[in-house]
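S.K.: Sequence first, then the predicted structure:
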Amino acid sequence: MLELKTPREIEAMRVTGTFIAELLDDLAGRAKPGVNLLDLEHRARHLIDKRGAQSCYWDYAPSFGRGPFRNVTCLAVNDAVLHGMPHDYALRDADLLTMDIAVSIDGWAADSARSVIVGVPRAQDVRLIEATERALAAGIAAALPGNRLGDISAAIGAVAAEYGYLVNTEFGGHGIGRTMHEDPHVSNRGRAGRGLELMPGLTLALEPWFATSTDKIIYDDDGWTIRSADGSRTAHSEHTIAVTDSAPLVLTRSEHAAVAAR
Ligand code: MG
Ligand code: MG
């Protein structure tokens with residue numbers, strides 16, 4: 001079922017989204033060589049509890065996972081990209097860390113992911129992250145009323161193609177609102193002009209992710225962590241957005257970033 005949100009409901013989602021953006025800012029600032037992934041997970045738990053927010057990942061149990069997910073963050077390093085299970089690992093110089101967080105405040109969810117480089121970056125990783133960020137921006141720009149879902153997918157896929165990255169279509173974006181995952185699915189590759197017509201009040205999490213040299217994935221033994229099948233590095237950028245009667249609203253920007261963008 002597809003539920004359009006009222007401006008008031010979108011504003012409630014923006015409150016949640018702003019909190020997530022600030023949480024990602026906080027974690028990104030802590031992601032230094034030597035810092036353990038479990039330290040980042042515990043920091044996130046602390047801030048989520050303090051805010052009175054509920055993690056959408058805690059006890060998350062979809063068909064593909066193994067048992068409920070007992071963490072509030074997805075932390076994925078290098079070739080890991082989605083549903084990275086926080087574990088005892090100290091970050092190393094030049095690691096590529098992807099952080100993905102979804103929480104709910106007063107019943108309204110938001111979802112955002114960001115890839116950052118720990119310590120001194122490698123040029124190819126900077127390029128990979130830039131591609132997912134540009135693909136996300138292109139997807140957001142296509143989220144206009146009267147456009148179709150395929151326009152968003154095509155815009156994301158075009159940026160991947162421009163950079164020479166392949167697109168996996170098993171995991172992509174999704175509707176979001178009262179829960180983290182709602183209809184519709186938003187593929188990171190598709191045909192312009194096809195699919196659902198975008199309407200004001202539609203709220204979506206757009207989340208391009210690419211691996212350097214493959215579109216195939218493998219799962220860790222933990223049943224959750226998804227990696228590139230060839231071990232190449234990956235990046236992932238996600239925002240929760242709302243389609244309006246004019247330009248889309250990005251709901252998961254920190255106040256700081258929102259001011260900078262004006
Ligand atoms: Mg996410
Ligand atoms: Mg998501």
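M.R.: Ah, there it is. Ligands and ions are numbered 1, 2, ... in the order given.

S.K.: just checking, R194 touches R148?
M.R.: Yes: using C-beta atoms under 8 Å, R194 makes contact with R148 at a distance of 5.9 Å. The C-beta positions use only the backbone N, C-alpha and C, and glycine is treated the same way.

S.K.: More neighbours: which of those two?
M.R.: R148 (18 against 12; other C-beta atoms under 10 Å).

S.K.: What's the separation between the more buried one and P208?
M.R.: 18 Å (C-beta to C-beta, to the nearest Å).

S.K.: now A53
M.R.: For A53, the distance to P208 - C-beta to C-beta - is 25 Å.

S.K.: Those two: which has the busier surroundings?
M.R.: P208 (31 against 22).

S.K.: Name the nearest residue to that one, sequence neighbours excluded.
M.R.: A135 (3.8 Å; C-beta to C-beta, 6 or more residues apart in numbering).

S.K.: same question, H83
M.R.: That would be W224: by C-beta to C-beta, 6+ apart, it lies 4.5 Å from H83.

S.K.: so that neighbour sits right up against G65, yeah?
M.R.: Yes: between W224 and G65 there is a contact under C-beta under 8 Å: 5.4 Å.

S.K.: Pull the distance from stretch 169-185 to the chain's centre.
M.R.: 11 Å (C-alpha atoms, centre = their mean, to the nearest Å).

S.K.: wait, stretch 76-93
M.R.: 15 Å.

S.K.: and the stretch 101-250 of the chain, which residues reach ligand 1?
M.R.: D111, A113, E238 (C-beta under 5 Å from the ion).

S.K.: Save those as JSON lines, and put in secondary structure, pLDDT and neighbour count too.
M.R.: As requested, those are exported to JSON lines (DSSP: H, G, I helix; E, B strand; the rest coil; pLDDT from 0 to 100; neighbours: other C-beta atoms under 10 Å):
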{"residue": "D111", "secondary structure": "strand", "pLDDT": "98", "neighbour count": "29"}
{"residue": "A113", "secondary structure": "strand", "pLDDT": "98", "neighbour count": "27"}
{"residue": "E238", "secondary structure": "strand", "pLDDT": "98", "neighbour count": "24"}
